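[1] Provided below for reference: sequence and predicted model.
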Amino acid sequence: MPRSALVLVVDRLHLNYLGCFGNSWIVTPAVDGLAWQGVCWDQVVLDHTSLAELFTSWLSGTHALQRSGLPASGPWLLEQLRERGVPAVLATDEQELLAHPWSEAWDEVLELPPAPAADACAPALEQTHLAQAMAVVVEQLQRLSGPFLYWVHLGSLGRVWDAPLEFRNRYVESEEELPPPESARVPGHVFTEEPDPDQILGLRRAYAGQVTLWDQCLAGLLAALESHGAWPDTMLLVLSARGFSTGLHRLFGWPLEGQPEPPWSELVHVPYLMAFGSRLAQAWRSGRLVQPPDVAPTLAAWWECSAPSGLWGRDLLAVVRQEDWDAPRQLAPVATPAAAAALRTPAWHLYDEQPPAEEPRLPEDELWVPEPLPTAHLFRKPDDRWEVNDVADRLPEVVARLRHLGWHWRRLAPQAAWHELPELDEMLLHGVE
């Protein structure tokens, strides 16, 4: 069957600013309608916070920690598609992806204009960088005929906020509220003290305006896709590369130069959506733990390609078709360019600023002592969605178990020997003993 796929990646899209993921005050009809047509993956956790590492994970199906210390394999997915006569096209405004070693593996690379360093907002939607980039994306789509893989990566949501001022001002609720800032520059604040709530509110209104702009641009792309002759046999994936810090944990936007981004959920918990021209699934939501390496096996299954063994990634189509209903992923490790790491299970999110270099002791060990660990942060999931209540000092046993599990995962990942992992008990899976 001559199947096609469109993968739309937008960097710095915050899950909590979309209606289909729970937001009630931002207008996002395009993405909400897309969620009604397909599948929302509600618990997607990044495997790395670096864009280059994420790009490798998407295309290889391997976890970033799995690749640590190993030579990078080639983009097997693109190679198999070429053998099947399916052209693969990459369109991006992100220089980091254009410089990626695998950028040469695509059949065609469309370099979109990079986001400008603008100070002022655009006077009209059509003059924004995002709208102009999307117009080029749509033009390229109309030139493609099935089958094809069209991968679009847009980084402008984290590069420039040039949506017309009316987009952000529509979310001002009263005359007493301070107006949002008028600059088009993406803010980057690391607060040493608790930030001014009015300042944070204004910045959030500005970000909401930019999300509204993205949603309207998405509507244009969806209209072009639905009128395309290949749409009945096309799978659409809409992915957020990374989230965006909006004032929690004393961080808004990009951190200061040279400072790494901590793996809080605002950054690493992102939205994924999937839709099909054939309406394979509609208005469906999954709470399974998903990670970026799942993208490559899913695309491979769409074209009935054979994925290599030893991948961390899983085929999400098998879940949609209810062929993999009884084997959900139980943990999602996260790496960062710095030494910090995170580990997510269905019940917990552990952010460890200093992961142990040696195997930690377990509470069952008679030599174990519940010592204070100020660099470890523990949060109950999925209840504490944005990590407001750190319970690490109250649950040292859970911290110890997760640090022990993370240590073993990092040790076993390069050999893909996850079957040797300690079994997760009820406390780690469900938060109860």
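    Great, that's in hand. Numbering: from 1, shown residues only.
[2] low-confidence stretches in the stretch 51-200 of the chain?
    69-73 (pLDDT under 70).
[3] and for the residue nearest to Glu359 when sequence neighbours are not counted, the neighbour number?
    Residue nearest to Glu359 in three dimensions, not counting chain neighbours: Trp407, with 5.6 Å by CB to CB, 6 or more residues apart in numbering. All C-beta atoms are positioned from the backbone trio N, CA, C, and that covers glycine. When neighbours are counted by other CB atoms under 10 Å, Trp407 registers 19.
[4] contact partners for Trp407?
    By CB atoms under 8 Å, 6 or more residues apart in numbering, Trp407 lies in contact with Pro355, Pro356, Glu358, Glu359, Pro360.
[5] the last one against Arg403, yeah?
    Yep, that's Pro360 we're talking about. Yes - contact criterion CB atoms under 8 Å: Pro360 and Arg403 qualify, at 4.7 Å.
[6] more neighbours: those two, which one.
    Using other CB under 10 Å as the criterion, Pro360 and Arg403 rank with Arg403 on top: 23 against 20.
[7] now do the SS call for that one.
    Following DSSP: H, G, I helix; E, B strand; the rest coil, we place Arg403 in the helix state.
[8] same thing with Val238?
    With three-state DSSP as the basis, Val238 sits in strand.
[9] next, count neighbours for the closest residue to it other than its chain neighbours.
    Setting aside the residues directly before and after it, Val238 is nearest to Leu273 in space (CB to CB, 6+ apart), at 4.4 Å. Neighbours of Leu273 under the rule other CB under 10 Å: 22.
[10] the host helix or strand of Leu273 pairs with which strands?
    Secondary structure assigned from DSSP states H and E places Leu273 in strand 269-276. With DSSP bridges as the test, strand 269-276 is paired with strand 39-45 (antiparallel), strand 234-240 (antiparallel).
[11] buried sites along stretch 231-248?
    231, 233-247 (16 or more other CB atoms under 10 Å).
[12] what of stretch 98-113?
    For stretch 98-113, the neighbour count (16+ other CB under 10 Å) marks His100, Trp102, Ser103, Ala105, Trp106, Val109, Leu110, Leu112 as buried.
[13] just put those in JSON lines and tack on distance to Thr92 and secondary structure.
    Below are the buried residues of stretch 98-113 laid out as JSON lines (distance: CB to CB, whole Å; DSSP: H, G, I helix; E, B strand; the rest coil):
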{"residue": "His100", "distance to Thr92": "10", "secondary structure": "coil"}
{"residue": "Trp102", "distance to Thr92": "12", "secondary structure": "helix"}
{"residue": "Ser103", "distance to Thr92": "9", "secondary structure": "helix"}
{"residue": "Ala105", "distance to Thr92": "14", "secondary structure": "helix"}
{"residue": "Trp106", "distance to Thr92": "10", "secondary structure": "coil"}
{"residue": "Val109", "distance to Thr92": "8", "secondary structure": "strand"}
{"residue": "Leu110", "distance to Thr92": "8", "secondary structure": "strand"}
{"residue": "Leu112", "distance to Thr92": "6", "secondary structure": "coil"}
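[14] can you redo those as JSON lines with distance to Trp386?
    Formatted as JSON lines, the buried residues of stretch 98-113 follow (distance: CB to CB, whole Å):
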{"residue": "His100", "distance to Trp386": "31"}
{"residue": "Trp102", "distance to Trp386": "33"}
{"residue": "Ser103", "distance to Trp386": "34"}
{"residue": "Ala105", "distance to Trp386": "37"}
{"residue": "Trp106", "distance to Trp386": "36"}
{"residue": "Val109", "distance to Trp386": "37"}
{"residue": "Leu110", "distance to Trp386": "36"}
{"residue": "Leu112", "distance to Trp386": "32"}
